[in-house]
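A.B. asks: Sharing a model prediction with you, sequence too.
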Amino acid sequence: MSTAADAAESEAGFEAIIQVDALETTFEAVNTLVDECKVNLQSDGLEIRAVDPANVAMVEVGLDAAAFESYRADGVTIGLNVTRLLDVLSVPDGGELAHLYFDPATQKLGIEIGGFEYTLALIDPASIRQEPDLPDLGLEARVVIDGGQLDRALTATEIATATTSQASGHMSIRFDAEDAVCHIEADGDTDDVQYSFTVDDAIDMTVGPADSMFSLEYWGDVAKPIDGDARVSIRAGEEMPARLAYSAVDGRLHLDYVISPRVAA
């Protein structure tokens, strides 16, 4: 490592070591909605809140300090081009360790992985869209399923709406209180589908009033990074936003999405 790099690290407001695949998992979940974001580097881990440009979905991310091999941060906030970071992380193997440090003097993020070194220019946090506050929606209906079940349900809805334009493709989440069933449904131009979860199918379920329609495109994007064995909590209401939450990286990465409903034509 160069003397300049040593000096930068000694002055760093943030320095950490983490597996590349854990870092990729974190920022792929953010990149489903935005290309850039503010990253709040707190003493107990990093935090991100972002909303997509169309104001349809927002995400809150928390990566615990325990997810890192080593971690030190003093409450600094940086502006990050998420797409560029993921490009950089695609070069080494996922199982390698990434050494990260923020140099306040240059406002750049140093990334060292084995013999690979990269200096990533950061974005002025003030130029990035204001962070949203995730609302307390009071959603009564909740189903907990694994990522594989959610993937199958969304795949079925995509098949049914395959002849529908991507912009108009939609799905609904509906709870049947009488039969204690959660339905994920979609109507295409010619085909319809209903994928149902009973109390026995789900890991957990709380039945409540819920029937809302959503953009299938957003649900597909948000669900794409979810592992098949992840526990996914979905909360819904009557013509209300839905909330999707799950954990990854051995329970040390926490992701919480809010997806706004579509207005029926």
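C.D. replies: Received the coordinates, thanks.
A.B. asks: Next, the buried residues of stretch 173-187.
C.D. replies: Within stretch 173-187, the residues that count as buried by 16 or more other Cβ atoms under 10 Å are I173, R174, F175, V181, C182, H183, I184, E185, A186, D187. C-beta here means a position set from N, CA and C on the backbone, and glycine is covered the same way.
A.B. asks: quick one: which of the residues you listed is nearest to V20?
C.D. replies: I184 (33.7 Å; Cβ to Cβ).
A.B. asks: Kindly provide the distance from the closest one to G220.
C.D. replies: 12 Å (Cβ to Cβ, to the nearest Å).
A.B. asks: what do you get for Y118?
C.D. replies: Y118 is 31 Å from G220, by Cβ to Cβ.
A.B. asks: Overlap in contacts, I184 and G220.
C.D. replies: L154 (Cβ atoms under 8 Å, 6 or more residues apart in numbering).
A.B. asks: which stretches of this protein have low pLDDT?
C.D. replies: 1-12, 164-168, 263-265 (pLDDT under 70).
A.B. asks: And the helices in it?
C.D. replies: With DSSP state H as the criterion, the chain has helices at 3-10, 20-31, 82-89, 147-160, 216-223.
A.B. asks: Now render those as a markdown table, adding mean neighbour count and distance to G208.
C.D. replies: As requested, the helices of the chain are arranged in a markdown table below (neighbours: other Cβ atoms under 10 Å; distance: least, Cβ to Cβ, whole Å):
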| stretch | mean neighbour count | distance to G208 |
| --- | --- | --- |
| helix 3-10 | 13 | 51 |
| helix 20-31 | 21 | 27 |
| helix 82-89 | 17 | 35 |
| helix 147-160 | 19 | 19 |
| helix 216-223 | 20 | 20 |
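A.B. asks: Mind putting those into TSV with distance to L109?
C.D. replies: Output for the helices of the chain, formatted as TSV (distance: least, Cβ to Cβ, whole Å):
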stretch	distance to L109
helix 3-10	10
helix 20-31	12
helix 82-89	8
helix 147-160	30
helix 216-223	25
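A.B. asks: D176 bridge partners, please.
C.D. replies: V181 (DSSP bridges).
A.B. asks: I'd guessed it sits against E185; true?
C.D. replies: No - in this structure, D176 is not within contact of E185 by Cβ atoms under 8 Å, at 11.2 Å.
A.B. asks: In the sheet, which residues pair with the residue lying closest to Q149 once chain neighbours are set aside? Tell me.
C.D. replies: Of all residues not flanking Q149 in the chain, F197 sits nearest, at 7.0 Å (Cβ to Cβ, 6 or more residues apart in numbering). Residues in a beta bridge with F197, per DSSP bridges, are C182.
A.B. asks: what do you get for A73?
C.D. replies: With DSSP bridges as the rule, A73 is bridged to F14.
A.B. asks: one step back: ok, the buried residues of stretch 173-187 vs A236, which is closest?
C.D. replies: Minimum distance to A236 across the buried residues of stretch 173-187 is 4.6 Å, recorded for I173 (Cβ to Cβ).
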